[in-house]
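**Q** Need a 3D model of the following:
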Amino acid sequence: MAALRSSDGKLLWYYQAITKNPTHISLVDSGEVVYLFSATLNAKSGTLSALRAATGKLLWQRLVNGAQLVMAGGAIYAGLAGRYADVCWAKFNSRLDKLRASDGAQLWHFESASVTNPSL
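**A** Below you'll find the model as predicted:
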C-alpha cells in the first residue's frame, strides 16, 4: 500500500502487506489510523494491519476471517455483511469478529452456521 500526498502525488510511505500477492484488499481510514485487510484468493482468513496514517508505522496486526471491514464506535467489524445503527448482519456460514480498534483485541465473535439470514 502506498500513501501519496494529495497535492502533488509525492510518495509519503509504502507498506508491504504480509500476504504475498494479495488478491483481496480492504481499507478503512479513521483519520489517524488506516486499517488494511489483505488475503489471497479463496483464503478463509487474512491479515488485518493497523498503520499510523501519517507515517505508515505498523501499530498492530492479526489474522481475521472475512474481508469486509467497517469501523464504528472505536471498533472494527471484520467479516461483516451489513450494519445499520446497532444491528450487524453476518453472512450465511461465516464468522463475524468485533475488534477493539486501538489494539486489535477481539471483543466478541459470532459464527453463523446453518441459520438463514443470521443477524446480531
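**Q** Give me the residue ranges of this protein where confidence is low.
**A** Scanning the chain for pLDDT under 70 picks out 19-23, 42-44, 66-67, 80-94, 112-120.
**Q** how about the strands in it?
**A** 2-4, 11-14, 24-29, 33-39, 45-52, 58-65, 69-72, 75-78, 80-84, 87-90, 95-100, 106-111 (DSSP state E).
**Q** Just send those back as CSV, with mean neighbour count too.
**A** All C-beta atoms are positioned from the backbone trio N, CA, C, and that covers glycine. Listed next are the strands of the chain as CSV, based on neighbours: other Cβ atoms under 10 Å:
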stretch, mean neighbour count
strand 2-4, 12
strand 11-14, 12
strand 24-29, 15
strand 33-39, 22
strand 45-52, 20
strand 58-65, 16
strand 69-72, 16
strand 75-78, 22
strand 80-84, 15
strand 87-90, 17
strand 95-100, 20
strand 106-111, 13
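**Q** Report the beta-bridge partner residues of the residue lying closest to residue 109 once chain neighbours are set aside.
**A** Closest residue in space to residue 109, ignoring its immediate chain neighbours: residue 97 at 4.7 Å, by Cβ to Cβ, 6 or more residues apart in numbering. For residue 97, the beta-bridge partners are residue 78, residue 109 (DSSP bridges).
**Q** My guess is residue 97 contacts residue 62. True?
**A** No - taking contacts as Cβ atoms under 8 Å, residue 97 lies outside contact range of residue 62: 9.3 Å.
**Q** picking up where we left off before, show me the contacts for the residue nearest to residue 109.
**A** For residue 97, the contacting residues are 64-66, 77-79, 106, 108-109, by Cβ atoms under 8 Å, 6 or more residues apart in numbering.
**Q** Tabulate those residues (CSV), appending distance to residue 48.
**A** Output for those, formatted as CSV (distance: Cβ to Cβ, whole Å):
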residue, distance to residue 48
64, 5
65, 10
66, 10
77, 11
78, 6
79, 10
106, 11
108, 16
109, 13
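**Q** measure the residue nearest to residue 109 to residue 17 for me?
**A** Distance, residue 97 to residue 17, by Cβ to Cβ, to the nearest Å: 19 Å.
**Q** What of residue 28?
**A** Counting by Cβ to Cβ, the gap from residue 28 to residue 17 is 15 Å.
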